[in-house]
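Colleague: using only what follows, build the 3D model:
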Amino acid sequence: MGYRITNIRNSSSFDGRDGESVIDAALRDNRIYPYGCRNGACGACKSVLISGTVDFGTYSDHALTEDERRQGKLLLCQARPLSDIEIDVEELRSGTDIRIKMLPCRVASLDPVARDVIRLFLALPKGQDFNFIPGQYIDIVLRDGQRRSFSIANLPHRTIDEGIELHVRRVSDGHFTPRVFSAMRPRDLLRFEGPFGTYFLQSEPCTPLLMIAGGTGFAPIKALLEHALTEHPETQIHLFWGARDEQDLYLDSWVRDRQDAHPGLRYTPVLSDHWSDGWHGETGFVHEAVCRNYRDVSAFDIYASGPPIMVDSIRDNLLERGMNPDRFHFDSFEFAPHAPEA
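Modeller: Prediction:
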């Protein structure tokens with residue numbers, strides 16, 4: 001049995017299968033609505049239920065509050081129709097030519113860049129194309145069917161020679177990352193599905209950008225940064241990268257090289273836990289550093305990536321400094337056994 005899903009925003013309709021989430025039905029119909037984690041953790045797919053009934057599914061309280069649910073809001077990644085429904089959600093134009101694929105791959109290389117971070121490069125089969133928008137992510141599909149999501153950190157054309165670049169942080173009780181750090185070797189065979197997500201540049205050319213990363217949340221920010229600098233090198237960009245200590249700024253020299261090559265790029269690293277006597281960057285939490293630098297952020301499009309508490313703090317503080325909510329784009333993830341590991 002299936003149900004009809006209608007988006008009143010543009011009067012479009014498509015069919016959902018029994019037990020299928022709204023976002024999965026939309027993707028199957030090649031419709032791109034805002035979404036991120038697909039596990040009820042980030043809130044990027046929050047929408048409005050106009051009519052009909054749904055199973056709201058399971059989700060984090062910060063992704064959908066009880067007040068929001070009473071107001072008729074739902075998460076498209078978790079809501080499963082129990083009748084024909086009407087929703088109100090923006091449909092994105094970008095990404096409609098991207099096809100989600102399940103592909104085999106081999107480990108091309110593993111580059112330990114910090115004590116708890118590895119740059120993992122995955123090689124595609126020869127002749128196999130894989131198109132994506134910088135900022136999207138893939139799911140590594142494990143042998144038992146479980147999935148772990150990782151943002152792609154490089155540009156599509158670079159994957160031909162480099163492979164798909166992922167930044168993997170060690171999660172001690174994780175289901176996948178211990179293998180990456182202890183047992184994985186070049187040429188190991190893996191399987192992934194993707195690309196997923198709507199975290200990509202949605203700004204008009206040359207709009208000033210604030211990019212804010214926490215830890216390995218730098219992975220999609222790296223892709224967005226490369227994309228912006230490649231397409232519009234004159235764009236004014238201020239990158240804030242928050243980490244615990246200097247070693248966790250695992251691609252600090254990479255960023256500084258881009259800063260030297262692009263006068264419009266400003267870089268502010270921020271350390272929260274430990275720093276040397278010679279440290280010349282900011283200290284504290286990354287959202288605090290942004291606030292110290294800007295009283296008014298109304299001119300910026302803002303892209304943030306990191307754990308939910310960081311993203312929430314950025315949103316709350318920058319709203320007080322003139323941020324337009326429609327110009328705030330985020331990729332929020334949790335390091336937990338039941339959630340994406342990076």
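Colleague: where along the stretch 101-250 of the chain do the strands fall?
Modeller: Secondary structure of the stretch 101-250 of the chain (DSSP state E, counting those that start in this stretch): strands located at 101-114, 117-123, 137-141, 147-151, 164-169, 189-196, 209-214, 237-243.
Colleague: distance from the chain centre to the fourth one, please.
Modeller: For strand 147-151, the separation from the chain centroid amounts to 10 Å (computed by Cα atoms, centre = their mean, to the nearest Å).
Colleague: shaky segments in this structure?
Modeller: The chain contains residues with pLDDT under 70 at 93-96, 334-342.
Colleague: tell me the domain boundaries of it?
Modeller: 2-88, 101-196, 209-332 (automatic domain parsing).
Colleague: any idea which of the ones you listed gets closest to Ser203?
Modeller: Nearest to Ser203 among the domains of the chain is domain 209-332; the distance by Cβ to Cβ comes to 4.3 Å. C-beta: built from backbone N, CA, C; applies to glycine.
Colleague: format the strands of the stretch 101-250 of the chain as TSV; extra columns: mean neighbour count.
Modeller: TSV is the format used below for the strands of the stretch 101-250 of the chain (neighbours: other Cβ atoms under 10 Å):
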stretch	mean neighbour count
strand 101-114	16
strand 117-123	22
strand 137-141	23
strand 147-151	24
strand 164-169	24
strand 189-196	18
strand 209-214	26
strand 237-243	25
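Colleague: need the domains of the chain in TSV with distance to Gln202, can you?
Modeller: Listed next are those as TSV, based on distance: least, Cβ to Cβ, whole Å:
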stretch	distance to Gln202
domain 2-88	10
domain 101-196	10
domain 209-332	6
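Colleague: among the strands of the stretch 101-250 of the chain, which comes closest to Ser21?
Modeller: strand 189-196 (12.7 Å).
Colleague: who's sitting farthest from the centroid in the chain?
Modeller: Farthest-out residue of the chain from its mean C-alpha position, per Cα atoms, centre = their mean: Asp277, at 33.8 Å.
Colleague: just the element for that one, please.
Modeller: Under the criterion of DSSP states H and E, Asp277 resides outside all helices and strands.
Colleague: show me where this protein has its helices.
Modeller: 22-28, 66-70, 159-162, 177-182, 218-231, 252-261, 286-293, 308-319 (DSSP state H).
Colleague: winner for burial among these?
Modeller: Greatest average neighbour count among the helices of the chain goes to helix 218-231 (a mean of 23), per mean count of other Cβ atoms under 10 Å.
Colleague: just the CA atoms of that helix, as CSV, please.
Modeller: Extracted in CSV, the C-alpha atoms of helix 218-231 (Å, rounded to 0.1, in the frame of the first residue of the first chain):
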residue,chain,number,x,y,z
PHE,A,218,36.2,20.5,8.4
ALA,A,219,35.7,17.8,5.8
PRO,A,220,32.6,19.3,4.0
ILE,A,221,33.9,22.8,4.7
LYS,A,222,37.1,21.9,2.8
ALA,A,223,35.0,20.9,-0.2
LEU,A,224,32.8,24.0,0.0
LEU,A,225,35.9,26.2,0.3
GLU,A,226,37.6,24.6,-2.6
HIS,A,227,34.5,24.9,-4.7
ALA,A,228,34.0,28.6,-3.8
LEU,A,229,37.7,29.4,-4.5
THR,A,230,37.6,27.5,-7.8
GLU,A,231,34.4,29.0,-9.2
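Colleague: return the list of helices and strands in contact with it.
Modeller: Under the contact criterion of 3 or more Cβ pairs under 8 Å, 6 or more residues apart in numbering; DSSP states H and E, helix 218-231 touches strand 147-151, strand 164-169, strand 209-214, strand 237-243, helix 252-261, strand 301-306.
Colleague: and these: which comes nearest Thr268?
Modeller: Using Cβ to Cβ, the nearest of the helices and strands packed on helix 218-231 to Thr268 is strand 237-243, at 4.9 Å.
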